[in-house]
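> Sharing a sequence plus its predicted fold:
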Amino acid sequence: MLSSLKGYIKMISVIIITYNEEGNIRDCLDSVSWADEVIVVDSGSTDRTLSIVSEFANARIINCRDLPYGIKRNLGIESAKGDWILWLDADERISDELRGEIIKVITSDDSAEAYRIKRKSFFINKFIKHCGWYPDYTLRLFSKVTGIRFSEHLVHELPVYRGHTGNLKGEIIHYTDKTFEHYTDKMNNYTTLSAEEFKLQGKKSGKTDIIFRPVFTFIKMYFLKLGFLDGYTGLILCILSSFHVMIKYLKLYYINQQ
């Protein structure tokens, strides 16, 4: 526990949203075993996820399902006892360097109120260094004094907070897609949610979106973001990402037609 490392100074709560993550959750929890508490917001897992979580003394479970991700995140915030909150996905790990940096930050009087952390993402068979995937800074560490809340979008929920923002040097290790099956399953889910969110916002989709947006995505990732330097795996990622965009706008087109 952090408080036992340096007496009681400040507590940190880690919040993780899960659904059938038995293949990831143990390594994820091991990487934050130093935290004062870990809150697992579970969406109705039917595998061994909750059984594995119950093995960790610093972890507790909130059961919920059929809610947008933003609402689930806010439930985690409301339950957190820590002075600081760290967001983590089940397929992510905290590196040793980042752990030390986080402890230093939250015990410092001169720190910012929120921090971006870069992610190093593993896709199929290697870590991706280009394609716009790295360093991929994301807001993950917040002080409770920021009043942090998340928007209630169906997908890509946004943090709303007050205070200064800084960057950390350590990395979150992200095992995002180890198989093509995992990528395609996730793509099907996220493109549906994105299309439904666009629909709620009154957005339309036409042939221009369906044809040219995927092309632009490929050009941006493969050429402008130097995806070609990631070799064959980088090429596959750029192709799949452009296909992701096409499917999203196709779904929006047919939702509007209905």
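Sure, I can see it. Numbering: from 1, shown residues only.
> Please state the offset of stretch 109-117 from the chain centre?
19 Å (C-alpha atoms, centre = their mean, to the nearest Å).
> Pull out the buried residues from it.
Neighbour counts over stretch 109-117 (16 or more other C-beta atoms under 10 Å) mark 111, 112, 113, 114, 115, 116, 117 as buried. In short, each C-beta sits where N, CA and C put it, glycine included.
> what's the answer for stretch 72-92, then?
72-77, 80, 82, 84-92.
> Equivalent analysis for stretch 145-161, please.
For stretch 145-161, burial by neighbour count (16+ other C-beta under 10 Å) applies to 146, 148, 149, 150, 153, 154, 155, 157, 159, 161.
> Just the residues you listed: which are in strands?
149, 150, 159 (DSSP state E).
> ok, so of those residues, who is nearest residue 38?
Closest to residue 38 out of these is residue 150 (18.3 Å), distances taken as C-beta to C-beta.
> Just confirm the closest one contacts residue 68, I think it does.
No. Assessed by C-beta atoms under 8 Å, residue 150 is found out of contact with residue 68, at 9.2 Å.
> What about the buried residues of stretch 109-117, which are in strands?
Per DSSP E, strands hold the following members of the buried residues of stretch 109-117: 114, 115, 116, 117.
> which one of the buried residues of stretch 145-161 sits closest to residue 123?
Comparing the buried residues of stretch 145-161 against residue 123 with C-beta to C-beta places residue 155 closest, at 19.9 Å.
> Now do the contacts for that closest one.
69, 190, 193, 194, 197 (C-beta atoms under 8 Å, 6 or more residues apart in numbering).
> Who does residue 87 form a beta bridge with?
residue 15 (DSSP bridges).
> try the one 5 residues further on
Beta-bridge pairing of residue 92 under DSSP bridges involves residue 174.
> I'd say it and residue 140 touch.
No. Contact between residue 92 and residue 140 fails when scored by C-beta under 8 Å: they sit 9.2 Å apart.
> joint contacts of these two?
With C-beta under 8 Å, 6+ apart as the test, residue 92 and residue 140 both reach residue 172.
> Farthest pair within the ones in strands among the buried residues of stretch 109-117?
Maximum pairwise distance among those (C-beta to C-beta): 10.5 Å, between 114 and 117.
> any shared contact partners between these two?
residue 141.
> Residue 146 contacts residue 164, doesn't it?
No. Residue 146 is beyond contact range of residue 164, at 9.4 Å (criterion: C-beta under 8 Å).
> Common neighbours of the two, please.
Counting by C-beta under 8 Å, 6+ apart, the common neighbours of residue 146 and residue 164 are 113, 114.
> I'd assumed residue 114 was in contact with residue 168.
No. Contact status for residue 168 versus residue 114: not in contact, 10.8 Å apart, counting by C-beta under 8 Å.
> Overlap of the contact sets of these two?
residue 141.
> Would you agree residue 65 is in contact with residue 44?
Yes. The criterion here is C-beta under 8 Å, and residue 65 meets it with residue 44 at 3.9 Å.
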